[in-house]
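*Asks:* sharing a sequence plus its predicted fold:
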Amino acid sequence: MASQAGLMGPGPAGDVLAALRALSVGIDRYRFALAAHPQLGVPDVLTLTYLFHEEPVRTSAIGVRTGLTSGSVTALLDRLESRALVRRVRLPDNRRVVLIELTDSGRELGRGIFDPLMGQLSDIVTDPGSPEPAWLSRFLGRITQVLEGLAATTGPRPWSAEES
């Protein structure tokens, strides 16, 4: 692995790393801008984002995704449920299993947030000057794996991945 100092200088690798840093900052700024909504905080946005793309999910999966403890996830879901953005659904054949899904209001909020973003990102990806989509998917997938690996080994882990 190359040293950070060796890759931060001029050249293509340094340019890519600088662009990735800028992307990371841009994602964080967008997430915090969404969380500036009077009724939403950062964990709320993370959870709604996850549900918008993956619902229904188990409560423990939300803990894994957000890094929150089970008590914090319960409080978060209570808040989102009181705002009619999510609902808890028990499986009929196993009432101990609780799945979380978006309500119509939660989906509407998600569409309002993600449709404009996905439309603009789609325009970029389908631009004839963009890299091959399959290559770009692999590149972004590898970066995601690095981030997920670092997240799994950095700081406390209130949930294990096996619980999701």
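*Replies:* Received, thanks. Numbering: from 1, shown residues only.
*Asks:* switch to C-alpha atoms for all contacts and neighbour counts from now on
*Replies:* Will do.
*Asks:* contact partners of the lengthiest strand in the chain?
*Replies:* Here the longest strand in the chain is taken by residue count, with DSSP state E as the criterion, and it is strand 94-102. Under the criterion C-alpha atoms under 8 Å, 6 or more residues apart in numbering, residues 48, 51-52, 55-59, 85-91 lie in contact with strand 94-102.
*Asks:* any idea how far Leu140 lies from Asp93?
*Replies:* From Leu140 over to Asp93 the distance is 39 Å, taken as C-alpha to C-alpha, to the nearest Å.
*Asks:* which stretches of this structure form strands?
*Replies:* In the chain, the strands defined using DSSP E lie at 57-58, 86-91, 94-102.
*Asks:* tell me the strands beside the first one, with direction?
*Replies:* Using DSSP bridges, the strands paired with strand 57-58 in its sheet are strand 94-102 (antiparallel).
*Asks:* give me the buried positions along the strand it pairs with.
*Replies:* Judged by neighbour count using 16 or more other C-alpha atoms under 10 Å, the buried positions of strand 94-102 are Val98, Leu99, Ile100, Glu101, Leu102.
*Asks:* and what of stretch 26-34?
*Replies:* By neighbour count, with 16+ other C-alpha under 10 Å as the criterion, the buried positions of stretch 26-34 are Arg31, Leu34.
*Asks:* state the mean pLDDT of that stretch.
*Replies:* Here the mean pLDDT over stretch 26-34 is 86, rounded to a whole number.
*Asks:* out of the contacts of strand 94-102, which is nearest to Gly71?
*Replies:* The closest of those to Gly71 turns out to be Thr59 (C-alpha to C-alpha; 10.7 Å).
*Asks:* look up how far Leu40 lies from that closest one.
*Replies:* With C-alpha to C-alpha as the criterion, Thr59 and Leu40 are 19 Å apart.
*Asks:* tell me which of the two has more neighbours.
*Replies:* The residue with the greater number of neighbours, taking Thr59 and Leu40 and applying other C-alpha atoms under 10 Å, is Thr59; the counts read 19 against 16.
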